[in-house]
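Trainee: How does the following fold in three dimensions:
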Amino acid sequence: MYFEFELDDLAIEEPQGFADIIINLKRDDNTHGILIEASTSDLQFYGVAAAYLKSKKDAEGLKAEVIFRAYQSCGVYDDRELILEGRLNFGKYSASCGTSCVVTIPVEEAGCWLMLKSRYDQKVDLDSNVAFNKMTPLQNYAGLNFEMEIAAKELEAGIDGSVSEDGDTINLNVTSSLLGYKIYIRPTYSVERDNSIQTGQLTPVSAWQTTGLAIEDSAITPQLLYEDDIRCFAGSFPYSLRMKGVYTITGGGDLEQVNIKLFTWDGVGDIFTDPTLIDSVNLFTGSSAFPVNTSFDGSLSGNIILTEGLGLYAIIEFVVSSPALVSSDYNIMFDEDTFFTLTASKICPPTEANVYLVNETLSRATEAITDGCLRVKSDYYGRTDSEPYASGEDGCGALRVLTSGLKIRRADNAKFFESLKGLFEGLKGIDNIGMGIETNPMLPNSQWLRIEPVEYFYQDTELLSLPNAPQAVAAIQEQSHYSLIKSGYKKWEVENINGLNEFNSNREYRTSLTTVNNTLDITSALIAGGYPWEITRQQSFAETGKADTKFDNDTFIACVERDAYGFQIEQGNIEDAENIFSPSTAYNWRIRPFYNLMRWFKSIANSYPNLVDTTNKLFFSSGTGNFIASGEIAGAYPACKLENSEKAENKDLSITDFVNQTDAVPLWKPEYMTFKYPLSVKEYRQLRANPYGYIAVSCGNNNDFIKGYIQEIRYSLIDGSADFTLKLKYE
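Mentor: Predicted coordinates:
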């Protein structure tokens, strides 16, 4: 076995310490990809090598970039092969001079992966065509920052108010010079819920108003001042109200009528003579001399058509006759059963927003942080027309777009910043994906970043067969068994809207394991909820275009479908929908929490040895938002459909829920096997070139082979042996 060494393109002698180098093939537990690392003590360079390193340090300091390469060949005249490439870390440089000059410096990872790892969490301007080094131009992709129509999500809008538990008491004194007068009184609705009609005025400016010359008299406010400049409402509003309590009146006069009235008024003229009566109920008619102490209870319900600029008033009316110049005291106590509700379907016109297809977004973020060294290849997110690499068909995760809140509401100079970490982790919670560096067959001497579902990194192909391992130890990985699983989306709640209808919220599930207490959190930080999408989208109707939202700098995701003009939001793809408001306008049913959990099932249920056992499932524990929504995928992509019938968001999940049960079968066990075994350079090269299959190993004279995926292989180049740690294959 022959070795050759280089610093950049300079041939050098073998550095001292090279014999101690261990090459690691190690699986990253978060990304599932295999990394190649060198584990070594410091290398010591002499002669020409030491002089070269000293000159680089003197000229460039910590910015010096020197690549150490080690090549191996079987014979002097055989082709050599690169077996180790690393960057020298000048931050740990030291030199000693005496009879000879020696430079001591460690070798670390080199190339694209080093840049990707060091900048993994740094945000990228996804509108920029220049890499982080501000010099490398990046290719323009049609799938980035293109304008697409954003369809409306229908909202169940409403004003919903009630009197507090302690009730609402109104006291007033009326002095009138007339022979009769009227009093309008409305309660204060101190408990407000789902007040998504923004001009709703549940808390009155004043509580009452009278005709005639009163000592205290001010304008009463409507429950709703109807304004709809953008025509989001059809104008038809179902209403329901109840006024209940006790009134006590003392002083001079007779009570002739008590009514509950609902009327509209445009604010012009006299509120007592000009309104249009919509509905009323009479509580008392007759003549009752003061003092009066009577309970009241009246309700109204129906449907009303409102037009622009009208106020809607719900009041209790007292009609009084009296001699001139009398004074009366009123005490009206509304109890907690008093309420007012007004509902409507709110569906605003579609808008436009600039969006980013997932495949191109992942690649752009990767290209930017690696200065163009790496691009993304994905068959799962790739499309027949994706860039930089097309796929043979649209993948199951291909038809999705990402964008920012600023882009959705069309803010001035809107930007979209996101890191590769934010993109990967957000998508991982949805799709259970992994990523790893691979040789790029499309370009010589280059690599790409492969991003695929987790099964890509645990393939059912044999890489090596290792018989008669002298000693192998198998051990359960307790930390990889889970008792609690958190899934769904971290952000979904909106203000002043009925967000409880949002099914893209979060869930908790439990397993039947009772001896562990480990939590797996797979909630995504991406925003998939139709309600946040709609509320943010509606800000584009603001007159100034500068109405901030709490989602401005968040990353949104939406499933789309192809149309004649490119892409459109996917809606109406729910069959047998139940407990969903307006399923025809719902967003992202394809990536709802239950469906995301189905994609993760194979990585969670591997703690169960027998998946057909009825106790071996994921049990729904709790949820937020609309966790009773139910239905199943309809429409396009039948090959990507997972469920075999309609499923509710609060359903327990088992292997019997899958249309194809092989999609639910785990890939690995949470168990490791460790052993030492000889490994040739040829075998090492095979593993490095294709690390995602399994290795079969038998123990001692046992002819039964156990299969396992690479978790870590520590390979010694000098003695030709390796320490294996395998993640056992689920069988």
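
Trainee: make it CA atoms for all contacts and neighbour counts henceforth
Mentor: Fine.

Trainee: where does N129 fall, phi/psi-wise?
Mentor: Phi and psi for N129, reported as degrees, to the nearest 10, are phi -110, psi 30.

Trainee: Tell me the predicted confidence for it.
Mentor: Looking at N129, its pLDDT stands at 96.

Trainee: Next one: it from Y356, what distance?
Mentor: As for N129, its distance to Y356 is 14 Å (criterion: C-alpha to C-alpha, to the nearest Å).

Trainee: now swap in K346 and tell me
Mentor: 28 Å.

Trainee: Please apply the same query to R119.
Mentor: Distance of R119 to Y356, computed by C-alpha to C-alpha: 21 Å.

Trainee: Same question for G530.
Mentor: According to C-alpha to C-alpha, G530 stands 18 Å off from Y356.

Trainee: K346 and Y356: who's more crowded?
Mentor: Between K346 and Y356, Y356 has the larger neighbour count (other C-alpha atoms under 10 Å), namely 25 against 19.

Trainee: contacting residues around the stretch of helix or strand the more buried one belongs to?
Mentor: Using DSSP states H and E, Y356 sits within strand 351-357. Identification of contacts with strand 351-357 by C-alpha atoms under 8 Å, 6 or more residues apart in numbering yields 143-152, 398-403, 407-410, 537, 540.

Trainee: What residues of it count as buried?
Mentor: Within strand 351-357, the residues that qualify as buried are 351-357, counting by 16 or more other C-alpha atoms under 10 Å.

Trainee: Looking at the residues you listed, spot the one nearest M1.
Mentor: Ranked by distance to M1 (C-alpha to C-alpha), these are led by L357 at 49.4 Å.

Trainee: Next, the contact list for the nearest residue to the closest one once chain neighbours are set aside, please.
Mentor: Among residues not flanking L357 along the chain, V401 sits closest, at 4.3 Å (C-alpha to C-alpha, 6 or more residues apart in numbering). Residues in contact with V401, defined by C-alpha under 8 Å, 6+ apart, are 355-358, 557-560.

Trainee: change it to 6 Å
Mentor: Residues near V401 by C-alpha atoms under 6 Å, 6 or more residues apart in numbering: 356-358, 557-558.

Trainee: Distance to A586 added to the residues you listed, as CSV?
Mentor: Putting the contacts of V401 into CSV (distance: C-alpha to C-alpha, whole Å) gives the following:
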residue, distance to A586
Y356, 20
L357, 20
V358, 20
I557, 13
A558, 11
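
Trainee: ok so, going back, now intersect the contacts of strand 351-357 with the strands, please.
Mentor: Mapping those onto strands (DSSP state E) picks out 146-150, 400-403.

Trainee: which among those residues gets closest to S322?
Mentor: S322 has its nearest neighbour among those in I150, at 62.0 Å by C-alpha to C-alpha.

Trainee: residues contacting the closest one?
Mentor: Applying C-alpha under 6 Å, 6+ apart to I150 gives the contacts 350-352.

Trainee: do Y692 as well
Mentor: 457-459 are the contacts of Y692 under C-alpha under 6 Å, 6+ apart.

Trainee: repeat for Y458
Mentor: Contacts for Y458 (C-alpha under 6 Å, 6+ apart) come out as Y692.

Trainee: i'd like the first residue to be 168 from this point on
Mentor: Right, with 168 as the first residue, what we last looked at is Y625.

Trainee: I'd like the distance between it and Y762.
Mentor: Where Y762 is concerned, Y625 sits at a distance of 22 Å (C-alpha to C-alpha).

Trainee: do the same with G253
Mentor: Computed with C-alpha to C-alpha, the distance linking G253 and Y762 is 42 Å.

Trainee: D830 too?
Mentor: From D830 to Y762 the distance is 12 Å (C-alpha to C-alpha).

Trainee: lowest average confidence, helix or strand, in the protein?
Mentor: Ranked by mean pLDDT, DSSP states H and E, the weakest helix or strand in the chain is strand 358-360, scoring a mean of 71.

Trainee: what's the longest helix in the protein?
Mentor: Longest helix of the chain, by residue count under DSSP state H: helix 214-227.

Trainee: Give the next helix or strand downstream of that helix.
Mentor: Assignment by DSSP H and E places the next element after helix 214-227 at strand 234-240.

Trainee: Please, where are all the helices along the stretch 718-867 of the chain?
Mentor: Counting by DSSP state H, counting those that start in this stretch, the stretch 718-867 of the chain has these helices, from start to end: 760-771, 848-856.

Trainee: okay, the shortest one in CSV with CA atoms only?
Mentor: The C-alpha coordinates for helix 848-856 follow below in CSV (Å, rounded to 0.1, in the frame of the first residue of the first chain):
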residue,chain,number,x,y,z
VAL,A,848,-9.4,0.0,1.3
LYS,A,849,-11.6,-1.3,-1.6
GLU,A,850,-14.4,-2.0,0.9
TYR,A,851,-14.0,1.4,2.5
ARG,A,852,-14.2,3.0,-0.9
GLN,A,853,-17.5,1.1,-1.6
LEU,A,854,-19.0,2.2,1.6
ARG,A,855,-18.0,5.8,1.1
ALA,A,856,-19.4,5.9,-2.4
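
Trainee: Geometrically speaking, which residue is the centre of this structure?
Mentor: L693 (2.4 Å; C-alpha atoms, centre = their mean).

Trainee: Next one: that residue from W756, what distance?
Mentor: 15 Å.

Trainee: how close does L529 sit to V640?
Mentor: In terms of C-alpha to C-alpha, L529 sits 40 Å off from V640.

Trainee: Neighbour count: these two, which is higher?
Mentor: Taking other C-alpha under 10 Å, L529 and V640 do not tie; L529 has more neighbours (25 against 10).

Trainee: Which helix or strand contains that one?
Mentor: According to DSSP H and E, L529 maps onto helix 525-536.

Trainee: So for the helix or strand following that helix, mean pLDDT?
Mentor: Later in the chain than helix 525-536, the nearest helix or strand by DSSP H and E is strand 543-544. Mean pLDDT, strand 543-544: 98.

Trainee: Give me the helices and strands touching strand 543-544, please.
Mentor: Judged by 3 or more C-alpha pairs under 6 Å, 6 or more residues apart in numbering; DSSP states H and E, strand 543-544 is in contact with strand 614-620.

Trainee: List the contacts of the strand it packs on.
Mentor: By C-alpha under 6 Å, 6+ apart, the residues outside strand 614-620 that reach it are 541-545, 547, 599-607.

Trainee: again, but for stretch 671-688
Mentor: The contact list for stretch 671-688, computed with C-alpha under 6 Å, 6+ apart, reads 649-656, 659, 696, 759, 785-792.

Trainee: just stretch 293-303 next, same as before
Mentor: Outside of stretch 293-303, the residues within contact range by C-alpha under 6 Å, 6+ apart are 304-305, 535-536, 538, 583-584.

Trainee: Please, a ChimeraX command that selects the buried ones among the residues you listed?
Mentor: Buried subset of those, written as a ChimeraX selection, criterion 16+ other C-alpha under 10 Å:
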select :304,535,536,538,583,584
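
Trainee: want to throw the contacts of stretch 293-303 into CSV with pLDDT and distance to T752?
Mentor: Shown next, in CSV, are these (pLDDT from 0 to 100; distance: C-alpha to C-alpha, whole Å):
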residue, pLDDT, distance to T752
P304, 97, 40
L305, 97, 37
A535, 98, 36
I536, 97, 38
D538, 96, 41
F583, 98, 26
F584, 98, 28
